[in-house]
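> with the input below, show me the fold.
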Amino acid sequence: MIPTQYVSFPKDGEEEIFNYSRIDAEDRFFDFFGINIIEGRGFHLGEAANPNASSYDPFRGRPVVLNETAMREFGEATKYMNVVGVAKDFLIMPTLKMKPVIIVAPPDPGIFYSFYYK
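Numbers count the residues shown, from 1 in each chain. Below is the predicted model of the structure:
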């Protein structure tokens, strides 16, 4: 099971809290699982983090792909992340309702190994 995580971003002088599910993945993830990128793109092998990332970015400038639900729910807060693409909504667990999902590129592709199974 993929746990729910929380992140907060500034909004109107206060903090707005969002919950989401996080998947750490690499460039082959989208093709392997048949996840459609409907806006922007997926990751590139060896893609570096954005060195000018916002101090509020919980992923430290690493490229992220949000699903449609996350894009809707996060709204303006997406400006604090290095969003490179939006994926069509997909269920991460068949018994769960649609949730905001953020797919995060690895910090160092040279040491990140993925084992996918369907």
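
> longest helix in this structure, by number of residues?
Across the chain, the longest stretch assigned as helix under DSSP state H is helix 68-74.

> where does the residue nearest in space to the middle of the chain sit: helix, strand or coil?
In the chain, the residue lying closest to the centroid (Cα atoms, centre = their mean) is residue 102, at 2.4 Å. Three-state call for residue 102 (DSSP: H, G, I helix; E, B strand; the rest coil): strand.

> so it bridges to which residues?
residue 22, residue 66 (DSSP bridges).

> going forward can the numbers begin at 316, since that is how I track them
Will do, 316 is the new start, and the previous item becomes residue 417.

> need the pLDDT of it.
We note a pLDDT of 91 for residue 417 in this prediction.

> what do you get for the one 10 residues further on?
We have a pLDDT of 52 for residue 427.

> before we move on, what about residue 424?
You'll see residue 424 listed with a pLDDT of 57.

> now residue 404
On the pLDDT scale, residue 404 gets 94.

> what's the burial count for it?
Using other Cβ atoms under 10 Å, the number of residues around residue 404 comes to 18. Placement of C-beta: from N, CA and C, glycine included.

> list the contacts of the closest residue to it other than its chain neighbours.
Distances taken as Cβ to Cβ, 6 or more residues apart in numbering place residue 383 nearest to residue 404, at 4.6 Å, with adjacent residues excluded. The neighbours of residue 383, taking Cβ atoms under 8 Å, 6 or more residues apart in numbering as the test, are 353, 401-404.

> and the helices in the protein?
Secondary structure of the chain by DSSP H: the helices cover 344-348, 383-389.

> out of these, which is closest to residue 360?
With Cβ to Cβ as the criterion, residue 360 lies closest to helix 344-348 of the helices of the chain, at 11.6 Å.

> tell me the residue furthest from the middle of this protein?
Of all residues in the chain, residue 328 has its C-alpha farthest from the mean position, at 25.1 Å, by Cα atoms, centre = their mean.

> thanks a lot, see you next time.
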